[in-house]
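# What would the 3D arrangement of this be:
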Amino acid sequence: MGSIDSKIKSKELDLFFKGILQLKDIEECYKFFEDVATINEVKALAQRLHVAMLLNNKKTYTEIAHVTGASTATISRVNRCLNYGSDGYKLILGKIEKQ
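Modelled structure (predicted):
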């Protein structure tokens with residue numbers, strides 16, 4: 001994989017992501033993310049991934065809002081990232097589907 005051209009790239013984020021890559025299972029993820037972020041921040045990230053999965057499965061905004069509790073603004077933002085972003089959601093969703 002080549003060099004990544006990211007709008008958010010920094011040494012601090014490199015350290016953060018290197019830390020995440022050291023996590024070996026879901027239990028370790030819970031321990032780390034409960035310490036590093038607020039419950040609401042972690043839930044918001046999880047909600048966005050769930051929204052992305054439902055959008056990828058061609059669900060409507062109304063269905064997604066009902067299932068996830070996400071606002072239409074959040075759904076729209078995730079949809080924009082799915083269509084015009086860095087393909088991060090698609091990368092993760094593809095890996096999850098293979099499991």
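# from here on, contacts and neighbour counts on C-alpha atoms
OK.
# any low-confidence regions in the chain?
1-5 (pLDDT under 70).
# So which residues of it form helices?
11-21, 26-36, 39-56, 61-68, 72-84, 88-98 (DSSP state H).
# Could you export these as TSV, including mean neighbour count?
Formatted as TSV, the helices of the chain follow (neighbours: other CA atoms under 10 Å):
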stretch	mean neighbour count
helix 11-21	11
helix 26-36	12
helix 39-56	16
helix 61-68	15
helix 72-84	15
helix 88-98	12
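# Other residues contacting stretch 21-31?
I20 (CA atoms under 8 Å, 6 or more residues apart in numbering).
# Pick out the residue nearest the middle of the chain.
With distances taken as CA atoms, centre = their mean, L49 lies nearest the centre of the chain, 4.4 Å away.
# so that one touches Y89, yeah?
Yes. Here L49 reaches Y89: they are 7.1 Å apart, a contact under CA atoms under 8 Å.
# Look up the closest residue to E34, ignoring the ones flanking it.
Nearest residue to E34 in three dimensions, chain neighbours excluded: V42, at 7.8 Å (CA to CA, 6 or more residues apart in numbering).
# Against I92, how distant is L55?
The gap separating L55 from I92 is 14 Å, by CA to CA, to the nearest Å.
# Determine the residues that are contacts of both of L49 and Y89.
Residues touching both L49 and Y89 (CA under 8 Å, 6+ apart): there are none.
# gap between the two ends of stretch 29-43?
13 Å.
# Stretch 19-37: end-to-end distance?
14 Å.
# how far does that stretch sit from the chain's center?
14 Å (CA atoms, centre = their mean, to the nearest Å).
# Ok, stretch 49-58 next?
That offset, for stretch 49-58, works out to 11 Å (CA atoms, centre = their mean).
# neighbouring contacts of that stretch?
Contacts of stretch 49-58 (CA under 8 Å, 6+ apart): I64, T68, A70, I75, V78, N79, L82, Y89, L93.
# What I need now is those residues written out in JSON lines, including distance to E34 for each item.
Shown next, in JSON lines, are the contacts of stretch 49-58 (distance: CA to CA, whole Å):
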{"residue": "I64", "distance to E34": "26"}
{"residue": "T68", "distance to E34": "21"}
{"residue": "A70", "distance to E34": "21"}
{"residue": "I75", "distance to E34": "25"}
{"residue": "V78", "distance to E34": "23"}
{"residue": "N79", "distance to E34": "27"}
{"residue": "L82", "distance to E34": "27"}
{"residue": "Y89", "distance to E34": "22"}
{"residue": "L93", "distance to E34": "23"}
